[in-house]
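1. make a model of this:
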Amino acid sequence: MARRAQNRGAAIILALAVSSNALRTPLRLSRPFSSRVADVRRRSAAVALDDDGAIDAASTTDLKPLEIPTDGLVLADVEPLIPEKTAFIDRHPLLAKSLSMGITYGLADMTAQLFAYLAHGEVVPLAMRCRRAISLTGVGCLAVGPLLTVWFDFLERIVPGRSKRAILKRTVLDQAIEVPVMISIIFSLSSLAEGHSPAYCLAKIQLKLLSTWKDCTAVWFPVQLVNQGLIPLRFRVIFQAVVSFFWDTYLSIVSHSVV
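-> Next up is the predicted model:
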């Protein structure tokens, strides 16, 4: 019987030790459970029983309660001390994706302005340079970022899956619908923000849309194949923002060239 009691106590220790190693997050034990652990400790001392089932007094000498680990026990009344951390993009997906596009557009336009200065000696007043960069940042943050977020979610909903056919179909839809619309939006909003008239915006779109769309398809069709096929949905706008830095630099140069 003594051996059975010892084995029982050892089994309790083993079960609780396994549970304690299951979690790495520090936990706080509530009072009811703490008291139950103390009760288990009090009753888990191994003792010897005689043939009549009575406790052998000699076996109780220098008995010590079994030490049962309690850190990390997975029980209903255990409360985590440290809340689970979530990424900013998971807590604020639209804001994170919009900011990424806005920053990309702003940096791309500043790069385009530097290129115009170094390649063509273009001298533009500082106020105009700042207005142009701020306007492109606003277009990326307030228009392109939110629209791409909604668009990619919509594409994934109407053409779900990771098959080659689904990836190709999403890419074709993106290039046929989203690209010309986005180019027109960028040309229009950036020009309006810089103080140009709607007639100027329309003339720019009519003159440059087809050629820009053609160049865009050559660059973005393979990029979108990778984006739609390999990149998780939550990161597709971020991936496009990284790649589009170079495209947006080119687009900014084209957009601000003489009509």
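2. mean confidence (pLDDT) on the helix or strand where residue 212 lies, please.
-> Using DSSP states H and E, residue 212 sits within helix 198-230. Taken as a whole, helix 198-230 has a mean pLDDT of 90.
3. ranking helices and strands of this protein by mean pLDDT, which lands last?
-> Taking mean pLDDT, DSSP states H and E as the measure, the chain has strand 27-29 as its least confident helix or strand, at a mean of 44.
4. once you drop chain neighbours, what's closest to residue 89?
-> Leaving aside its sequence neighbours, residue 89 sits nearest to residue 96 (CB to CB, 6 or more residues apart in numbering; 4.2 Å). For every residue, glycine as well, the C-beta is placed using N, CA and C.
5. I meant residue 231, not that one.
-> With CB to CB, 6+ apart as the criterion, residue 231 has its nearest non-adjacent residue at 4.8 Å, and that residue is residue 239.
6. may I see the buried residues of the helix or strand the one you found falls within?
-> Using DSSP H and E, residue 239 falls within helix 236-255. Buried residues in helix 236-255, counted by 16 or more other CB atoms under 10 Å: 236-241, 243-244, 247-255.
7. hang on, residue 162 in a helix?
-> No. Counting by DSSP: H, G, I helix; E, B strand; the rest coil, residue 162 is not part of a helix but coil.
8. for the residue nearest to it when sequence neighbours are not counted, give its distance to residue 100.
-> In space, and not counting its chain neighbours, residue 162 is closest to residue 229: 7.1 Å by CB to CB, 6+ apart. Here residue 229 is placed at a distance of 21 Å from residue 100 (CB to CB, to the nearest Å).
9. residue 207 too?
-> Taking CB to CB as the measure, residue 207 falls 30 Å from residue 100.
10. which of the two has more neighbours?
-> Comparing residue 207 with residue 100 by other CB atoms under 10 Å, the one with more neighbours is residue 100, at 22 against 12.
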